[in-house]
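Asks: sequence first, predicted model second:
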Amino acid sequence: MRVLVIGAGALGGYYGACLVRAGADVTFLVRSKRAAQLRQDGLRVVSPHGDFALQPKILLADDLKEAFDVVLVGVKAYSLDDAMSQFAPAVGASTMILPVLNGLKHIDALTARFGAAKILGGLANVSAGLDADGRVVQFMANQTIVFGETRGAMSERVLALEALLKVPGIDVRASEAIMQDMWEKFVQLSTLAGITCLMRASIGDILAVPNGEQSIFRLFAECCAVATASGFEPRAPFIEFDRKLFTTLDSPLKASMLRDIERGSVTEAEHILGDMANRAGALGVDTPLLDLARAHVAAYEIGRRRAAG
């Protein structure tokens with residue numbers, strides 16, 4: 001299979017590099033600035049599992065002329081519209097589009113543009129970012145991709161893609177319930193982003209203050225209620241995992257959204273917190289803490305844009 005990875009940032013850079021290292025036919029669609037950096041320094045990965053570097057195949061949008069078998073989309077949600085226009089020439093009759101963006105809104109956008117038959121559901125659990133030198137830095141050991149048909153069941157194409165992605169550095173799982181998986185990730189991310197951005201602190205620091213744990217789980221309960229009202233009640237193993245995740249003392253865990261705020265960058269707040277709050281409103285679910293977290297980050301975005309002129 002020929003794979004086109006959209007971008008060479010944290011997600012695309014990490015997973016794409018692992019595929020290239022294993023011998024897969026992978027091309028990265030990048031902007032000119034990133035292309036120059038990759039040509040000069042290569043694609044470098046710093047990982048708890050071992051550092052490595054390689055020289056990837058790259059394309060600019062103007063040079064993309066042919067279809068690929070798989071398009072792996074890992075851009076930030078606010079960049080999706082531009083990305084879809086750029087990678088559209090790569091989408092042929094049998095192309096699979098595997099998005100691993102945060103949240104759920106992107107599924108509707110991709111379906112509207114390319115048709116439901118081409119879109120898989122997917123999620124990534126990897127803690128990574130680009131450093132000042134353009135290296136992909138994996139902060140923690142997790143490196144999972146879960147994906148499947150949005151309508152459920154297991155298909156031949158999903159099994160073939162699972163085999164392709166089963167390489168060192170990627171823990172892959174094909175799912176027959178990917179929308180359930182995505183909703184649970186959406187609940188987890190909305191809770192983590194909402195509480196760490198609202199408090200401007202890590203989970204460990206929030207747990208150390210009065211009512212910190214109670215605040216985390218109030219927000220968690222609100223997000224679970226939205227998922228349940230949407231027909232995707234979180235399952236018991238997920239609840240148990242997140243209870244442990246959100247009660248780990250001294251945990252340095254914070255959302256990437258908070259890291260964006262700390263460096264003065266644009267956030268995915270409306271695609272995550274805003275979308276969850278909008279779904280809650282449409283379903284009549286009361287979410288006061290979620291609404292406050294959304295307003296908090298929205299106010300940050302207003303100030304950021306004002307400062308940028």
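Replies: Cool, got the structure. Residues are numbered from 1 along each chain as shown.

Asks: give the residue farthest from the middle of this structure.
Replies: Centroid-distance maximum for the chain: residue 210 at 31.4 Å, with CA atoms, centre = their mean.

Asks: give the contact list for that residue.
Replies: For residue 210, no residue meets the contact criterion (CB atoms under 8 Å, 6 or more residues apart in numbering). C-beta: built from backbone N, CA, C; applies to glycine.

Asks: kindly provide the distance from residue 18 to residue 100.
Replies: Separation of residue 18 from residue 100 (CB to CB, to the nearest Å): 13 Å.

Asks: strands of the protein, residue ranges please.
Replies: Ranges of strands in the chain, per DSSP state E, are 2-6, 25-29, 43-46, 52-54, 57-59, 68-73, 91-99, 120-130, 136-149, 171-174.

Asks: wait, which of those strands is closest to residue 187?
Replies: strand 120-130 (12.0 Å; CB to CB).

Asks: helices and strands around that closest one, which ones?
Replies: On a contact count with 3 or more CB pairs under 8 Å, 6 or more residues apart in numbering; DSSP states H and E, strand 120-130 meets helix 10-21, strand 91-99, strand 136-149, helix 178-199.

Asks: which elements pack onto the last one?
Replies: Contact partners of helix 178-199 among helices and strands, from 3+ CB pairs under 8 Å, 6+ apart: strand 120-130, strand 136-149, helix 203-207, helix 212-229, helix 236-245, helix 256-262, helix 288-308.

Asks: could the ones you listed go into TSV alongside distance to residue 276?
Replies: TSV is the format used below for the helices and strands packed on helix 178-199 (distance: least, CB to CB, whole Å):
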stretch	distance to residue 276
strand 120-130	15
strand 136-149	20
helix 203-207	19
helix 212-229	6
helix 236-245	15
helix 256-262	13
helix 288-308	6
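
Asks: using TSV, lay out these together with mean pLDDT and mean neighbour count.
Replies: TSV is the format used below for the helices and strands packed on helix 178-199 (pLDDT from 0 to 100; neighbours: other CB atoms under 10 Å):
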stretch	mean pLDDT	mean neighbour count
strand 120-130	89	20
strand 136-149	91	19
helix 203-207	98	19
helix 212-229	98	19
helix 236-245	97	13
helix 256-262	94	19
helix 288-308	97	15
